[in-house]
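> A structural model of the following input is requested.
(chains A and B)
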There are 2 protein chains.
Amino acid sequence: MTGNLSAVGVGELFQLLRDGVPRTRAELAKSSGLARSTVAARVDELMRMGLIAPVADAASTGGRPPSQFALNPAAKVVIAADIGASHTTVAVTDLAGTILAERSNTIAVSLGPEPVLSWVVDTANELMGEAGLSRDRIAAVGIGVPGPVEHSTGRPARPPIMPGWDGFDIPGWVQQHLEVPVLVDNDVNISALGERGVGWPGTDHLIFVKVATGIGAGIISDGRLLRGAQGIAGDFGHVRIARGAEIPCHCGNTGCLEALASGPAIARSLAALGIEAKDGNDVVELVKAGNLDAIQAVRQAGRDLGEVLTASVSLLNPSVIVIGGAMARVGEHLIAGVREVVYTRSMPLATEGLAIVQSGTAGEAAVRGASILAVEYALSPQILPQSFGFDS
Amino acid sequence: MTGNLSAVGVGELFQLLRDGVPRTRAELAKSSGLARSTVAARVDELMRMGLIAPVADAASTGGRPPSQFALNPAAKVVIAADIGASHTTVAVTDLAGTILAERSNTIAVSLGPEPVLSWVVDTANELMGEAGLSRDRIAAVGIGVPGPVEHSTGRPARPPIMPGWDGFDIPGWVQQHLEVPVLVDNDVNISALGERGVGWPGTDHLIFVKVATGIGAGIISDGRLLRGAQGIAGDFGHVRIARGAEIPCHCGNTGCLEALASGPAIARSLAALGIEAKDGNDVVELVKAGNLDAIQAVRQAGRDLGEVLTASVSLLNPSVIVIGGAMARVGEHLIAGVREVVYTRSMPLATEGLAIVQSGTAGEAAVRGASILAVEYALSPQILPQSFGFDS
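Residues are numbered from 1 along each chain as shown, chains lettered A, B, ... in the order given. Predicted coordinates:
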């Protein structure tokens, strides 16, 4: 029994320290409800494991033992992977999410799971070697994929653009090569984690919207990712909007948000005006070149997106909406359309504290979110004994 | 330290037993990770406090000590109050949510907090007395009110139909008379808890929609109530729908769901056809009498509601949508309209496991939810020492 209660106490204390804020033994005793003598023993145990470290204390004088402690971000690393439709990025980060090494490659997800995951594992090993880190330093792996994932198993669930991945046991396969916990989620969910971690660390209610070839959202509510019964919460690209009810969507319905406001949809509307635009990248270039038709089309796409986001604001009462994805590179024109509709159509109480902003992660939301996913799991009290060898 | 760790162990074990399923000491040791000797001591402690009780064991023979234990729902009671616009209900329930005594009264919430809460407290005391229960049996109070509530404080936040209640410290006032934890939430949130508790106990993803004078939703996602940044998640009565964009709403906008599909809105549309209908009750009576115009108007209101719920299904991926409130009494006509739109407009993966049903709580969703709110808090490990006197 002692061993188990010891782990509980260590986990509890560590949970208090993992935000990186330095605390004294007295503060830890007060917050945890544990006796001072117990706190002292637990602090020694966590320091011995390298998970926490003493923090320089201005008020302290020489000779006294250190009085403040905080998470030691260098204690372990995690592997973060962002698998996209055509590109994949792998990073090694510390426990504070700082990227220590990173590499991207053009690799089609449609090649299937083994070639893509092999590249992820090989790259992770290469990056670890180049950074001079031994493999036993890896605490967990976080992976984002461009499709729905069954949360409890980490298996893709009928992903539309990932042929060969349906039901594939990603954690099981990766664990044959990296023997640590492997967490998998869809790319918009982990991007929501990444945006919050980088730009809005105090926010418990954030919606990240990816506008690219498709449109979807990752939702953080009361501090947690919403996943839904089938893991497809936030998959709102096929909500019908008022304008253009006759426009067909690849899903088989008409008038879907994605059929009107995605990159390819905007390009199609411009092509119909005789403007040369094949895809979202062309639209972005036209807007950057000041083409008025392209600017107007993007603004209207923002209004369409705003229509669906107005419903999202009423349902979820977020404090931040972050617009990201390739189309967010058009800058303020898209967001101006979103704001126009959301602020006009929502109840005042829901919008008075609401920020609608462009992604601030320079396209790294997903890989940063994958790191956060892995770190949160690696540092959770339930898993601490396994991943940090408390029971050894 | 021993005292604290004792409480932790007791709370952990109790948490395992609170679902009411009987378990053996060996099962408890396995689930908790505690040593068998510790489990035996904790079980004795919980039995001494009356929180758990031995369960008759068919395989057991005379003389042996009881081998299975479960929550004793009679250990404590909670007070549950549903404060509505014009009616208030107070109930005494046991820890399993069974109603032991209940009383309703016509009392306008617009009278202000003190007259209404005085009636709640007086009625609670009367019901306790009539049931022969002493006041020290009360573990907690749960209260639902018809407006937004700041979750952390239990204070109404600018409630539109509760004059005099804005910012009122409901828990503080009630605790002057009943010295136990007091939990307050809005009526649709607690109704969602009540619907799940009564009809869908295994469901982690449920939306309860109240259709009455107003329209709003309580959302349970991943097993928890969503509240949002200002506590107004689910307040979707003012989302604009495609039909009738010119129809003015009392909020100042046009085309809101509430301006088209609420009881008064349906009555207005019938009155415009020359049919005598003043409010939602008249609409319900007309439908029950087989009036074709009324049936068609209700069906269309269901389609309007379905339009907003389609967005909700994409955002939240629920497994159950429960339609309640006074207008749900019209029966299948409203739900048929909802289903027509939601099943037509949502992605197949989101609807293949989705049930859209009428409330099964006969109007008692809110009071049952208030009981659940109070019981969940009273039985949470954080609060156990206080509310059950573990520290005494």
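
> return the residues of the stretch 101-250 of chain A in contact with chain B.
A:148, A:157-158, A:204-205, A:217, A:219, A:221-222, A:224, A:226-236, A:238-240, A:242, A:245 (Cβ under 8 Å from any Cβ of the partner chain). Just so you know, the C-beta spots here come from the backbone N, C-alpha and C atoms, and that holds for glycine as well.

> which single residue of the stretch 101-250 of chain A ends up nearest chain B?
A:Gly228 (2.4 Å; Cβ to the nearest Cβ).

> coming back round to it: if any of the residues of the stretch 101-250 of chain A next to chain B are buried, give me the PyMOL selection for them.
Paste this into PyMOL to select the buried members of those, with burial taken from 16 or more other Cβ atoms under 10 Å in any protein chain shown:
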select buried, chain A and resi 148+157+204+205+217+219+221+222+226+227+228+229+230+231+232+233+234+235+236+238+239+240
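
> among the residues of the stretch 101-250 of chain A next to chain B, which are located in helices?
Using DSSP state H, no member of these falls within helices.

> out of the residues of the stretch 101-250 of chain A next to chain B, which are inside strands?
Here DSSP state E is the test, and these give A:Ala217, A:Ile219, A:Ser221, A:Arg224 as lying in strands.

> now those residues as TSV including pLDDT and distance to A:Phe14?
Putting those into TSV (pLDDT from 0 to 100; distance: Cβ to Cβ, whole Å) gives the following:
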residue	pLDDT	distance to A:Phe14
A:Ala217	97	32
A:Ile219	97	28
A:Ser221	95	26
A:Arg224	91	20
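
> just give me the closest of those to B:Lys30.
A:Arg224 (28.0 Å; Cβ to Cβ).

> grab the nearest non-local neighbour of that closest one.
Spatial nearest neighbour of A:Arg224, excluding adjacent residues (Cβ to Cβ, 6 or more residues apart in numbering or on different chains): B:Asp222 at 6.9 Å.

> poorly predicted segments of chain A, please.
For chain A, the stretches with pLDDT under 70 are A:1-12, A:57-66, A:380-392.

> tell me where it has helices.
So, for chain A - with DSSP H - the helices run A:2-17, A:25-32, A:36-49, A:113-130, A:170-175, A:187-199, A:257-261, A:263-271, A:280-288, A:292-316, A:332-345, A:348-351, A:365-378, A:384-387.

> B:Leu257: which of the ones you listed is closest?
Checked against Cβ to Cβ, the stretch from those lying closest is helix A:292-316, at 9.2 Å.

> what comes up buried for the closest one?
A:294-316.

> and chain B, which of those contact it?
Applying Cβ under 8 Å from any Cβ to the buried residues of helix A:292-316, those adjacent to chain B are A:Glu307, A:Val308, A:Thr310, A:Ala311, A:Ser312, A:Ser314, A:Leu315, A:Leu316.

> give the contact list for the fourth one.
The one in question is A:Ala311. A:Val239, B:Phe236, B:Val239, B:Val308, B:Ala311, B:Ser312, B:Leu315 (Cβ atoms under 8 Å, 6 or more residues apart in numbering or on different chains).

> thinking A:Asp235 is in contact with B:Met347, fair?
Yes - contact criterion Cβ atoms under 8 Å: A:Asp235 and B:Met347 qualify, at 6.9 Å.

> list just the nearest of the ones next to chain B among the buried residues of helix A:292-316 to B:Val116.
Using Cβ to Cβ, those come closest to B:Val116 at A:Ser314, 27.8 Å.

> how about the nearest residue to that closest one, chain neighbours excluded?
Counting by Cβ to Cβ, 6+ apart, the nearest residue to A:Ser314 once its immediate chain neighbours are dropped is B:Phe236, at 4.1 Å.

> circling back: could you dump the ones next to chain B among the buried residues of helix A:292-316 to CSV with distance to B:Ala124?
Listed next are those as CSV, based on distance: Cβ to Cβ, whole Å:
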residue, distance to B:Ala124
A:Glu307, 46
A:Val308, 45
A:Thr310, 41
A:Ala311, 39
A:Ser312, 39
A:Ser314, 34
A:Leu315, 34
A:Leu316, 34
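
> quick check: the farthest pair among those?
Distances among these were taken as Cβ to Cβ; the most separated pair is A:Glu307 and A:Leu316, at 15.4 Å.
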